[in-house]
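Trainee: Sharing a model that was predicted from the sequence below.
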Amino acid sequence: MKKGVIALLFVCLFAIAGIWSGVVYAAEEIKVGIIDTYSGPPSSYALDVLDGFKLAMNKINAGGGILGKRLSYVTRDDKFKVDLGLTSAKELIMRENVNLLVGTINSAVSLAVSDLAKKENIPFIVTYGKSSNITGAKGHKFVFSMNENTEMIGKAAAIGLAKRPFVKYWIAGDDYEYGHAVADAVWNHLKKIKPDVQLMGQSWWKVGEPDFTPYITSILSAKPDAVIVATGGAGCIPFLKAAKNTGFNEKIPIYMHTATELSTLRPLGLDAPEGVIGTANYYFYYPETPENKAFVDEFRKAYDRYPSFGSLIGWCTASFIAEAYKKAGKVDAEQFAAALTGLTINSPIGNLTVGQFDNQLMLPMFMGVTKKVPGYDFLIASDIVTIPPNELITTAEEIRKAREQK
Amino acid sequence: MDFSSTISASGLIQQFLIGLSRSTILFIVSSGLSLVLGVLRIPNVAHGSLYMLGAFLCYSIATLVGAGSTGFWVGLALAPFCVAFVSLVVERALFSRLYDREHLMLLLFTFALMLLCRDAVKMIWGSEYRSLAPPEALQGSLSAFGMMFPKYNLFLLSLGPVVAIGLWFLTHKTKIGKIARAAAVDRDMVGAVGINVSWVFASVFVIGCFLAGLGGALVAPTQNINQGMDHTLIMEAFLIVIIGGLGNVWGALLGALIFGLTDSMGILVWPQFSIVFPYAVVVIALIFRPKGLLKATW
Amino acid sequence: MVEAKGYFKIRTVALLSILLVVLAVAPSFLPRFFTYLLALALLTGLLSTSLNLALGFGGMYQFHHAVFYGIGAYGVSLMLMKTSLPPVTGFILGPILSAILALIMGIICIRLSKLYFGMLQLSLGSLVWVVIFRWYSFTGGDDGLHGVPIPSLIATVTGSYYFTLIVTVCCMAILYMIVNSPYGRILQAIRDNPERSASIGVRVRAHQLVALVIAGFFAGIAGILFVSVEGSAFPDLLSWTLSLELIIMCLFGGWFTFFGPMLGSAIMVGLRTLVGGYTEYWTLVLAIILMLLIYFLPEGVLGYFQGLGANPKNTSAEDR
């Protein structure tokens, strides 16, 4: 038993060492805790966000920081798991004493951390979680969203698709919350704008489905006018690849949100299918404004690759943080949250405003069609149509209704 | 909603063929799992990781060799052997010392291997999606009788019987196969007649892993190659092995056919809930025959 | 195992009481985050101890224990969110649901032994997972349930810690009594030699089934504790990798000891948070720990120390 006592002592020592290390509180900084998925397939999105954040942060710090304080960050990897995300969030709040939280690509983690942020009175800025519940039904004054949500996707897709001659649609997607939410949103809004559309059928495959061929062949035999594909980050690339391999895109027009986004098209290289209709919130080649060009050049100089939508999110997050603290005039969670609501900044894609009622960043949406263009070793979007943010926002009435229901 | 109108005879046949080609991959991978389970009695959780490794290696070799389709063929030919070599090293260096331990320890050890593989793949290949094009001759699809059938799936389909016959030949006609089958039934007896059981085990393990690598290399052009591949596959492979009967290679074939076909037919018949079909079939099969449809080897 | 000579028992009791006192006053000197972590370690410890009842003492390959944990968590979350019944009913119903599920799965699996049992349980468990993952309207699908309205008394970090501590201590005491009761002895006898047990008239299957139900019930309790600590329930709680991690915790601490799994869980939870937060390669660390354990410490940490004190010929761990 002597050894047992020694072992116990060791455990205690270990614990104490753990407690004392790391409790370093620097009042001279504004510390942002970033929780995101830095392992596994989603990490390429998370790294784009982080690099965009760093780019803006370095600029802010070079310009004297915020209210005389430096902006800094710590990251934690949630490994796409809710429990790890929650533990990390608690660690960041309670042990690292961060001023605010930023993250994550997983909607479930975002919702869980949002709930924690509400309890702990810590502002939480969602970077890549696209569930409309985050700022909608489950929204509160401390949660903000920097990317488009499923409702906005639905509205944008409906506006864009209604202009095309398709009547008979087929819906296919990843069988999980995001897939169904996107599909429902697109379909409901499309039905509103163009009542004569018909839904011929639906196919749902499990998340991470390795082989899309059986689904594609079954859709082909039904011969719809167009297919609405609702896949999340992990499903987009393999689906497009399967579409190319089976010649799907040549037979039936496909709409897929994020199909034209750089994060989707870059990994596919020249193997991507042409003619796929996609919506995205950012292209590094559009709009061709000096602001966007400057952002792209800066980003390329720093990280030697083109910025994706994720990079813009990261950039916006850091910029909004700086502006909101400046507006609030001091480092205080309540006042920061109040200042961020309704705030406008000048971004590479023009002025962007955080929604007054739901704290949702009002982003424009660009609908384009994939195309091979000389000069790039991946496909880019062509025939781009801009759908302005005021056509996409959720009204105060809709938000009130959604929040009452739950 | 009325779906019956959308199902035509040609659609049915087409979907059936797709299901078959899907079963082929599942069979190749799960027969390897079943082989190892039958002879060594190890539920090799790392089997899916070896499949993933096969896909990544095929991708790397193909891009390294380059030159269009030749790259892929070289990758397809070499990747399974690389996986087999890795498994041989692991078996000799680590695994062979554990055979006299409890099954649970062996299972946990393979779990550790799975975790190790996952991080090793991340370190070597990073976490970006990888994608490999099928060789030119197998791109696109064939159209006949109003059906559309991807050429690559046709290729996969033709490979299934080859592997099945090869395995049958290996287990029934070769000396090592016969010894392995005997060792599956009574390993002490095989040891008693002076055969080095340890090496029999090693070779069976390597063959099993070779099949995992082959499956991985074969699917590389049809899907994106990423770190999550192992996770989805290993569960399906285990279910197939269970419904087929543990350790029974023909059971694995039957299980793979049931799994692949219910999956693809489910998509046609009731697309919204197709995800549930294979699982439901597995549970029904197990309630009636908890030990699997065919006789297990042990 | 748990029974030992007099002095050993006194030492153990003394050690445990000191530990209890330390745990009881811990929130007053520990930073909040560590109080939370301690609560997490305690409930995970209860979970792996319940697993060990089936695995270590019952000798059954309970491969998918996390299912019962998850069902307990979902049971209480859904009761609190969707009904207006008093919260207590939710906290009672959660574990009962787990026990019922354990009974159903047990009846199906119990006919089989060892690996077959484990594999069948694994596949049935994944089916439960699919249902939870898919049933958006009811379980929230993959997004899970967040913001569960927990009674305010136990909603704070300290409140949930004391709730977890009290419940865990009570449950551990009950489990200890079960293991040392005549029933527990029979269970261990069945594990050591099922044929001989059957031949002297023990109803092997019935005893094993009871163990599975008890294990499921206490896993459900761990599930409701998780909800009280985190305020969320999500499909990850039912994942098979978590189940395997639980087995590792049992192995780490020593699965032929009563307190081993608790110790193993505490170490693993601590390591996962402290190491996992900093390095991307936590799974690699876990894999290496696991391999070292299998090679050098197959009886686990506590098993090793008890083995040193006890009769060296007592190698009950070896022949199974």
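Mentor: Done, it's in.
Trainee: packing partners for the helix or strand residue A:369 falls within?
Mentor: Element membership for residue A:369 (DSSP states H and E) is strand A:365-371. Under the contact criterion of 3 or more C-beta pairs under 8 Å, 6 or more residues apart in numbering or on different chains; DSSP states H and E, the helices and strands touching strand A:365-371 comprise helix A:150-162, strand A:277-280, strand A:380-387. (Glycine included, C-beta is placed from N, CA and C.)
Trainee: Contacts only, for the residue positioned nearest the centre of chain C.
Mentor: Nearest to the mean C-alpha position of chain C, by C-alpha atoms, centre = their mean, lies residue C:47 at 1.8 Å. Taking C-beta atoms under 8 Å, 6 or more residues apart in numbering or on different chains as the contact definition, residue C:47 lies against C:65, C:69, C:218-219, C:222, C:246, C:265.
Trainee: what's the distance between residue C:253 and chain B?
Mentor: 14 Å (C-beta to the nearest C-beta, to the nearest Å).
Trainee: hang on, that residue packs against residue C:247?
Mentor: No. Counting by C-beta atoms under 8 Å, residue C:253 stays clear of residue C:247, with 11.3 Å between them.
Trainee: So which of those two has more stuff around it?
Mentor: residue C:253 (29 against 26; other C-beta atoms under 10 Å in any protein chain shown).
Trainee: where does the more buried one land on pLDDT?
Mentor: Looking at residue C:253, its pLDDT stands at 87.
Trainee: give the contact list for it.
Mentor: The contact partners of residue C:253, by C-beta under 8 Å, 6+ apart, come to C:48, C:259-265, C:267, C:300-303.
Trainee: how about 7 Å then?
Mentor: For residue C:253, the contact set (C-beta atoms under 7 Å, 6 or more residues apart in numbering or on different chains) comprises C:260-264, C:300-302.
Trainee: which among those residues gets closest to chain B?
Mentor: Distance to chain B across those (C-beta to the nearest C-beta) is lowest for residue C:300, with 11.8 Å.
Trainee: how many neighbours does that closest one have?
Mentor: Residue C:300: 26 neighbours (other C-beta under 10 Å).
Trainee: Now do the phi/psi pair for it.
Mentor: Residue C:300 adopts backbone torsions of phi 90, psi 170, taken as degrees, to the nearest 10.
Trainee: Which pLDDT value goes with residue B:153?
Mentor: Looking at residue B:153, the pLDDT reads 83.
Trainee: which residues touch it?
Mentor: A:213, B:18, B:21.
Trainee: Hmm, residue B:149 and the first one touching each other?
Mentor: The one in question is residue A:213. No. Using C-beta atoms under 7 Å, residue A:213 is not in contact with residue B:149; the gap is 9.2 Å.
Trainee: Those two: which is more packed in?
Mentor: Shown here are residue A:213 and residue B:149; by other C-beta under 10 Å, residue A:213 has more neighbours (24 against 21).
Trainee: give the contact list for the more buried one.
Mentor: A:242, A:246, B:18, B:150, B:153, B:222.
Trainee: if you set the cut-off to 6 Å instead, what comes out?
Mentor: B:18, B:150, B:153 (C-beta atoms under 6 Å, 6 or more residues apart in numbering or on different chains).
Trainee: ok, it to residue B:55 distance?
Mentor: Distance from residue A:213 to residue B:55, counting by C-beta to C-beta, to the nearest Å: 17 Å.
Trainee: re the thing from before, from the contacts of residue A:213, which single one is nearest chain C?
Mentor: residue B:18 (22.4 Å).
Trainee: The residue nearest to that closest one when sequence neighbours are not counted: what's it in contact with?
Mentor: Leaving aside its sequence neighbours, residue B:18 sits nearest to residue A:214 (C-beta to C-beta, 6 or more residues apart in numbering or on different chains; 4.3 Å). Applying C-beta under 6 Å, 6+ apart to residue A:214 gives the contacts B:18, B:264, B:267.
Trainee: CSV for those, including distance to residue B:72 and secondary structure?
Mentor: Shown next, in CSV, are the contacts of residue A:214 (distance: C-beta to C-beta, whole Å; DSSP: H, G, I helix; E, B strand; the rest coil):
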residue, distance to residue B:72, secondary structure
B:18, 21, helix
B:264, 25, helix
B:267, 28, helix
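Trainee: Output those residues in TSV, with neighbour count appended to each entry.
Mentor: Formatted as TSV, the contacts of residue A:214 follow (neighbours: other C-beta atoms under 10 Å in any protein chain shown):
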residue	neighbour count
B:18	29
B:264	29
B:267	26
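Trainee: CSV please, covering those and showing pLDDT.
Mentor: Output for the contacts of residue A:214, formatted as CSV (pLDDT from 0 to 100):
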residue, pLDDT
B:18, 79
B:264, 80
B:267, 73
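Trainee: hang on, the earlier thing: out of the helices and strands packed on strand A:365-371, nearest to residue C:307?
Mentor: When these are compared by C-beta to C-beta, helix A:150-162 sits nearest residue C:307, at 56.8 Å.
Trainee: Flag every buried residue along that closest one.
Mentor: Using 16 or more other C-beta atoms under 10 Å in any protein chain shown as the test for burial, helix A:150-162 gives A:150-161.
Trainee: Note down every partner strand of the next helix or strand after that helix and its orientation.
Mentor: On the C-terminal side of helix A:150-162, the closest following helix or strand by DSSP H and E is strand A:168-174. Sheet pairing of strand A:168-174 (DSSP bridges) gives strand A:198-205 (parallel), strand A:226-230 (parallel).
Trainee: Look up how far residue B:240 lies from the residue nearest to residue B:18.
Mentor: For residue A:214, the distance to residue B:240 - C-beta to C-beta - is 17 Å.
Trainee: Could you give the number of residues near the residue of the stretch 51-200 of chain A found nearest chain C?
Mentor: Proximity of the stretch 51-200 of chain A to chain C (C-beta to the nearest C-beta) peaks at residue A:94, 3.6 Å away. Number of residues near residue A:94 (other C-beta under 10 Å) recorded here: 18.
Trainee: For it, which residues are in contact?
Mentor: Neighbouring residues of residue A:94 by C-beta under 6 Å, 6+ apart: C:32-33.
Trainee: Can you read off the pLDDT for it?
Mentor: In this model, residue A:94 carries a pLDDT of 87.
Trainee: From residue A:159, how far off is residue A:354?
Mentor: For residue A:354, the distance to residue A:159 - C-beta to C-beta - is 22 Å.
Trainee: should've said residue C:223
Mentor: From residue C:223 over to residue A:159 (counting by C-beta to C-beta), the distance is 45 Å.
Trainee: same check, this time on residue A:324
Mentor: 31 Å.
Trainee: and if you look at residue C:238?
Mentor: 40 Å.
Trainee: likewise residue A:166?
Mentor: For residue A:166, the distance to residue A:159 - C-beta to C-beta - is 14 Å.
Trainee: same check, this time on residue C:124
Mentor: Counting by C-beta to C-beta, the gap from residue C:124 to residue A:159 is 46 Å.
Trainee: One more: residue C:36?
Mentor: Relative to residue A:159, residue C:36 is positioned 46 Å away (C-beta to C-beta).
Trainee: burial count for residue 53?
Mentor: You didn't say which chain, so I picked chain A. By other C-beta under 10 Å, the burial measure for residue A:53, its neighbour count, is 27.
Trainee: try chain C instead
Mentor: 25.
Trainee: Surely it touches residue C:215?
Mentor: Yes. Between residue C:53 and residue C:215 there is a contact under C-beta atoms under 6 Å: 4.7 Å.
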